[in-house]
Each structure stands twice: as C-alpha cells, then as structure tokens.
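Visitor: got a sequence here, can you build the structure:
(one chain, ligands or ions: 1)
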Amino acid sequence: MAICRWYGNPDLFITITTNPKWDEISDHLKMYGSDDPNDRPDLEARVFKMKLDELISDFNKGIFFPRPKAVVYTIEFQKRGLPHAHILLWLDGDFRNPTASDIDKIISAELPDKEKDPEAYGLVEQHMMHGPCGEDRKASPCMEDEDVLMQQRRLLRFPDLQLSPNELQQYTLIEIECLLQNFEKSLTEFTVMPLPNKAVMDQIKHKAMARHDQFDIAEEAIIHEKLFDKLNHQQRAVYDAVIKSVFQKEGRLFFLYGAGGTGKTFLYRAIIAALRSSSKKVIPVASSAIAALLLPGGRTAHSRFNIPLKLFEDTYCEVKAGTILANFLNESDLIIWDEAPMAHRHTFEAVDRTLRDILAVTDKTTLTKPFGGKTVLLGGDFRQILPVIPQGTRQDTVNAALNRSHLWNNCEIFLLTQNMRVKPEEKAFADWILEVGDGRAAKEPQILDDCAQPEDQILIDKTILLPITSTPLETLCSSAFPDFANDHKDLYKIRETAILTPRNVTVDEINNYLVSKVPGEEKEYLSADSFAEEEQHSGDLDMTYPVEYLNSLEFPGLPAHKLRLKVGVPVMLLRNLNQKEGLCNGTRLIVTHLGEKVIKTEMLTSTTKRDPILLPRIILSPPESNHPFTLKRRQFPIRVCYAMTIIKAKDRLCHVSLYLPKPVFSHGQLYVALSRVTTPKGLKILDLSRDGDGSRTISNIVYREAYNGLPQSTGSDDDETSKDQ
Ligand SMILES: Nc1ncnc2c1ncn2[C@@H]1O[C@H](COP(=O)(O)OP(=O)(O)OP(=O)(O)O)[C@@H](O)[C@H]1O
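Guide: Okay, the predicted model is just below:
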C-alpha cells in the first residue's frame, strides 16, 4: 500500500511459473541422471530464479514495454512445490486509460503465425493448446476441473458453444442440486439460493427418489433367506402379521415393543428384505439418525416425511399432493419406524394426517384410515427416554408419548422378550436392567414402604459403586481410563469407553479436565455469533444483547462458543452432515489434525480402514429457545465426547462410568445408561448425591403411567409369542 500511495495503482500484473520442461532443466537431468524434474526442486528453483532475474532485467531495459518506474514481486511455491512469481509493474508514462491497441501490444491471445514465428507457435501448441478430452480422453487434466461451460460443450459436442449468464446459472444450479441430492439435501433448504427451473428440479428429485428405491431383488432374496430361517417364534409372529397386512392390503398398524437386544432390527431387516425381494416398497425410518443407519436405506423420520421442526396438534408434513415425495409415499407398501417412543406423538399424527390427505386424492376412503391405510410398523422401548419437552413437566412428557395419541387405539402390540444379544452368564444382569426400566428393581428393605413413586431408591451392587472422595473428577476419570497416559492413544479403549452423566454442564467439566491431560498443543476455536437474518436490522437487539452475551449462551445440541481441542481427542458430531457416509448427529470421530479453516478427523466407530473426514465450520441455530431472537452460531458442529449426556449415548460399550453429581431427573435415564453395557464388570457409578452416607442405593425415575396400555414385560427368557391387542 505504501508503494501504491507513492506511485499510484500498478499498470500490469504478470505471473511467471516454473516449467519443469524448460530446456535448462531437462538438459541438466539428461546429463546428470534422474527422470523426473520434480525430484530436483533445487534445480527447478535455481533455473526459475535465473529466468526471473533476466525477465526483470528485460523489463528494466524497456524491451517489451516502456521502462517501469517501479517493480515489485513475490515468489510463492505452488501445491506441487513449483515456484512462481507475481509481479507488479508501474510503467513510465500515463497508462491509466489504455486503448484496445495499447493492450494488444502487451497481451496477445492469438495463435502465432506458424510460418513467421515457428518457435512461438511451437510453444503455444505445446503448452497452451487444449488437446482432445471428454469420453475419448478421460485422463485429460481438464476433465478433473471441468467447469459448467466446458461440460456442456463436451456433452453437446459443440466446442464453440456459448451460454448466456442466465443459462450458465441454470446449468450451475442443476449441478449443485445434483451434488446436494447425493447427500439427501436440496437447494430448497437454502432460502437465499436461487432455484433451477421447476421442471428440471422435479426431474432431479425424481431420479434421486428412484435411486433410493433401487434394490437388487436377487440380493434381497439371499438376505431374506439368511434372516428368515433364524427368526425366533416371537419375531416370526410379527413377521407373518406384517407381511400378510402388506400383501393383503389390510393397512394395519403395529407396535413392536422390545428392550435393546431383543432382535427388533434383525426383524426389520428380515421384513424389508422379504418385501424388497418381491418388488414391494418399504420406507424404513428412525427417530434418530444413528438408529436410521442400522436400517437398510434408512433415513430419519423428519427428513423422509419433511416433518416440520415445530409441531402442534394439527400440523401437517411439508408434502404437497402431486409432488414427487407425495407420489413416493403413495407408492410405498410399508413404513417401518424404529425408536418410535422417543418421538413426540405429534410427529406420528402429522405423518398420519398427511398420508390420509395425499392418498385421498385417488381414494376418499383413506381419510378415515390410520396412515391412510398404509401398513405401518412402529417399534421401540418405552423404558427408554421419552420425548424431550424443554422445561416440560412429568405430565407434559407422558402426554407427548406415542401411547397417548389417538392412533394408539388402532395399534396391535407385539412384545419381544427374548434377548438375543446377551450370553448366558450376562442374563441375570440383563434381567436386572429390565427391572430397573420397569421400576421393579429391588429397593433397600427399610425404605421399601415409604419409597414408592416417583423417585425410587434402588439397590446397587457395591462392586459397581465408586467411593466418594474429595476429588470426584479424578476418581471418575481414573475408573474410566485407569492409565490415561496410554489410554488416550488407544482408539479401541476410547471407542469402548464413555463417561455418562445427566446434564450438559457436567459433561463440559469432565471433558475439559480430560482434554487438559492429553499431551500436545491445545487449539481454541471461537464461534462467530449473530442474530438470524430477519432480526439483524433491529438495532434494539444489538443494544440489549451484546455479542459477549450471545457467546455466553449454551444450548443442548449446539457447539460451545469456545471449542478447545487437541489432536487425538474424540468428538461427537452435532448435525447430520452425510447420513449415507454415517456422518450424522451422534457419530463419534477422532481429531487427527487441527487446521485454521477445517478440522481433520476419522471415524471412531469404524473398525475398518478410516478415511479422513474434513469438518468445516457451519451455521447452527438452536431449534427452540426462550430468547426473543434466534441465535446463529458459526462453529465446527462438534463437542468433545470422552463424556456425554445419557441421551446422547447410542453405542453399546465395554465400559461405562456413570457420574451423578445430582440424581437422574427424567424417566428412563438410569435404564438407558445401564443398558449401554452388557456386564456388571463394565459398569461403575459415582453417585455424589449419596453424600458418603454408606448407602447402596441410587435414584431411579420411572413414569409408570407412561406404560399404560402396554403389556407387562417379563424376564428376558420367554420364548413364546406375546401379542396384545
Ligand atoms: N433371530 C435371531 N437369530 C440370530 N441372531 C439374532 C436374532 N435376532 C437378533 N439377533 C442378533 O441379536 C443381536 C441384537 O439384535 P438387534 O440388534 O436386532 O436387537 P434390537 O432389539 O434392535 O436392539 P437395540 O434396540 O439395542 O438396537 C444382534 O447381534 C442380532 O444379529
């Protein structure tokens, strides 16, 4: 800037790049060995500097254009290490308003005359002319970074094709939409983006839907054969009822009630394979993205049915009759919905209402049938955490559950009780966990009478309880990671271990403590916080809520303003980035590199080869808040996950340390935390609320009224068909 202030704006900007084929380099290599000039960066750099010096000296002599008043250049090294220089020239004289012929004297974009200047012609032909590409030569460098215009020229076999700005925009938007569809996203989700022509957009969506529905019938038949033979009696009863309902178009509604490990997913897979191998269409969804990953072709219910985030008694899904999604739903034969008890009853009611509406276009009788007469199989475990209602009361939670919906009256309930996961020696522990979930676990005899609902004090084996010390974090962390100096490098140990706790504040405290113990440099990433677009112009908000206040806000499911990370630290994704690749809300990753703009990670849960996953900063907003504004936080969508809240624990683990600075506060929390492990050896509980009084009990909350209308489950050994209507 100082130079510009003195000389004014520069007149020419020139770049010179090293060419590894320069004669000086190839002659030298021929004489002294080595085939590849890139093996000799020293040689490339020297020849480049000599040529650059010569060029600058030619400029100064005024050989090409008037002598410059000033010359400035910087040398940079490109991706592959080749040096290049950016040169600024201030020419003597007034070049501020050059004519076309002035420019022609300096820049020539024409092929030199082959006869008059064969050397220049040869150089342009060799280095600057575009050879054959496209299907004929896919290795052509241009194929790698082909732009939209080049692509259209190739596809239309019309090398001189020109596109108007509007056409160019259309083709570019189509290209972006196709890329987004690969990740189950669409331009329609980005309100600021223009959309391509509607007909083209529909066609792209149609293709994406068709891709979603393409299955290899022979392969599905093989999968079905393998699974079907293994179904136990309980699973077989459900299988028969669902298949019959689909083939005979009975449109029944089922609920499959089973604890973890009773073979719900196994059964879904058998049913899906049976139907797909008979060319029937199944829509498998789950309430959470992690559970959806376990279903072949599974999606979250929200994304598959376009369920709005804010739900009321009369909400419809965002699906209009006659659209591609509507047709897709119309043509489906079965909907499977896993983890149903976790979702608010309004989500099922919204899907039910929407399906009735869509299907009524062709058949009015569907208006009176649940889910418009489609066969629907809901499944899950009511002992687990029920729908989360922010600041909701116990009554709100119970009222939000699926079995309080009017749809429940139409549900045929099947019970799976045989735990297919536990080994015989683990059966007693699995039964005890079920008792905890049902609210039947043993209590201390002396408080048996006066401690009924809501908070039961249940008896815990003393080998599971950790002692209360003056340094609880240390006690807790050394129970989870007894040798942290080595454990932090052991990916298996990190994958199989988690510290669970009911509240987010405690999670941060534990994670900060453990991150501080990981050797290496810590990097701090700060978020950029602002108000949502529509609120940005309100000066009042800025005055009342300064940015420091926005930074201090913490929301569940949103990354912190200050993210402190080190290489080797496990993190959890907080958003669904790419469900197909398993990158969804709850996926655990390990940090391998901390860049300025991206964080490099690898999948922690994968046991196979790990590909690097680059995480960018994205803009996130809390789905709900009590503030009169919507916060927009630009941050990496992750949280450290040595410790996590109980609701976030989705994987089955070898070791769980449950930390209870305060007792659990909601239905199913203790049951979910305990059921993450299969053996008592893998479980430790540090319950500070016991206050060191020597008691062996901890609080368990079971909303028994949430079990209304459900069959009583028994131990995990029954092998008989249980069906309740
Ligand atoms: N009939 C069966 N024959 C053999 N293995 C089975 C059968 N049913 C289930 N399994 C196996 O038992 C284990 C638990 O089954 P599955 O994952 O389907 O249970 P789940 O009820 O879906 O559990 P969760 O709710 O924890 O996901 C799996 O390893 C599964 O392959």
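
Visitor: quick one: low-confidence residue ranges for the stretch 151-300 of the chain.
Guide: Applying pLDDT under 70 to the stretch 151-300 of the chain picks out residues 183-184, 211-213.

Visitor: quick one: the strands in it?
Guide: With DSSP state E, counting those that start in this stretch applied, the stretch 151-300 of the chain shows strands at 253-258, 282-286, 299-300, listed in chain order.

Visitor: and the residue of the stretch 101-250 of the chain nearest the ligand?
Guide: Distances between the stretch 101-250 of the chain and the ligand by CB to the nearest ligand atom are smallest at K230, namely 3.7 Å. From N, CA and C alone the C-beta is placed, and that goes for glycine too.

Visitor: isn't L688 right up against P467?
Guide: No - counting by CB atoms under 8 Å, L688 does not reach P467; the two are 11.1 Å apart.

Visitor: all helices of the stretch 201-350 of the chain, in order?
Guide: 217-228, 233-247, 264-276, 289-293, 301-305, 324-331, 345-359 (DSSP state H, counting those that start in this stretch).

Visitor: mind checking which of these is nearest N511?
Guide: Of all the helices of the stretch 201-350 of the chain, helix 289-293 sits nearest to N511, with 19.9 Å by CB to CB.

Visitor: can you tell me if that closest one touches the ligand.
Guide: No - contact of helix 289-293 with the ligand is not found when judged by CB under 6 Å from any ligand atom; the minimum separation is 7.1 Å.

Visitor: who are the packing partners of that helix?
Guide: With contacts taken as 3 or more CB pairs under 8 Å, 6 or more residues apart in numbering; DSSP states H and E, helix 289-293 sits against strand 282-286, strand 299-300.

Visitor: for those strands, which one ends up most surrounded?
Guide: Neighbour counts (mean count of other CB atoms under 10 Å) averaged over each of the helices and strands packed on helix 289-293 peak at strand 282-286, with a mean of 25.

Visitor: who does that one pair up with?
Guide: Using DSSP bridges, strand 282-286 pairs in its sheet with strand 299-300 (parallel), strand 334-338 (parallel).

Visitor: what's the most buried one of those?
Guide: Among the strands paired with strand 282-286, ranked by average contacts under mean count of other CB under 10 Å, first place goes to strand 334-338 (a mean of 24).

Visitor: outside of that strand, which residues touch it?
Guide: 242, 246, 264-265, 268, 271-272, 275, 280-287, 291-292, 294-295, 298, 301, 343, 348, 351, 371, 374-380 (CB atoms under 8 Å, 6 or more residues apart in numbering).

Visitor: does any bit of it sit next to the ligand?
Guide: No - using CB under 6 Å from any ligand atom, strand 334-338 stays clear of the ligand, with a minimum separation of 7.6 Å.

Visitor: can you check stretch 411-419 too?
Guide: No - using CB under 6 Å from any ligand atom, stretch 411-419 stays clear of the ligand, coming no nearer than 6.9 Å.

Visitor: may I have that stretch as CSV, with CA atoms only?
Guide: Taking C-alpha atoms only, stretch 411-419 is exported to CSV below (Å, rounded to 0.1, in the frame of the first residue of the first chain):
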residue,chain,number,x,y,z
CYS,A,411,-52.2,-50.3,17.4
GLU,A,412,-51.7,-54.1,17.6
ILE,A,413,-48.9,-54.6,20.1
PHE,A,414,-46.3,-57.3,19.8
LEU,A,415,-43.8,-58.0,22.6
LEU,A,416,-40.3,-59.3,22.1
THR,A,417,-38.8,-60.6,25.3
GLN,A,418,-36.0,-63.0,24.3
ASN,A,419,-32.7,-61.1,24.5
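
Visitor: hang on, the earlier thing: so L688 and P467 - more neighbours on which side?
Guide: When L688 and P467 are compared for neighbours, L688 comes out ahead with 15 against 9, by other CB atoms under 10 Å.

Visitor: phi, psi of that one?
Guide: When read as degrees, to the nearest 10, the backbone of L688 gives phi -70, psi -20.

Visitor: thinking again about what came up before, now the helices of the stretch 201-350 of the chain in JSON lines, with mean neighbour count?
Guide: As requested, the helices of the stretch 201-350 of the chain are exported to JSON lines (neighbours: other CB atoms under 10 Å):
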{"stretch": "helix 217-228", "mean neighbour count": "15"}
{"stretch": "helix 233-247", "mean neighbour count": "19"}
{"stretch": "helix 264-276", "mean neighbour count": "23"}
{"stretch": "helix 289-293", "mean neighbour count": "23"}
{"stretch": "helix 301-305", "mean neighbour count": "21"}
{"stretch": "helix 324-331", "mean neighbour count": "18"}
{"stretch": "helix 345-359", "mean neighbour count": "23"}
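
Visitor: where do the helices sit along the stretch 551-700 of the chain?
Guide: 669-674.

Visitor: now the residue of it found nearest the ligand. Nearest residue, chain neighbours left out?
Guide: The ligand sits closest to R652 of the stretch 551-700 of the chain, with a gap of 6.9 Å, by CB to the nearest ligand atom. Nearest residue to R652, sequence neighbours excluded (CB to CB, 6 or more residues apart in numbering): R676, at 6.2 Å.

Visitor: and the one you found, how many neighbours?
Guide: When neighbours are defined as other CB under 10 Å, R676 has 22 of them.

Visitor: show me what contacts it?
Guide: Per CB under 8 Å, 6+ apart, neighbours of R676: A498, L500, A649, D651, R652, L653, V656.

Visitor: try 10 Å
Guide: By CB atoms under 10 Å, 6 or more residues apart in numbering, the contact list for R676 reads 260, 433, 498, 500, 646, 649-656, 658, 682-683.

Visitor: filter those residues to the buried ones?
Guide: Applying 16 or more other CB atoms under 10 Å to the contacts of R676, the neighbour count classes 260, 433, 498, 500, 646, 649-650, 653-656, 658, 682-683 as buried.
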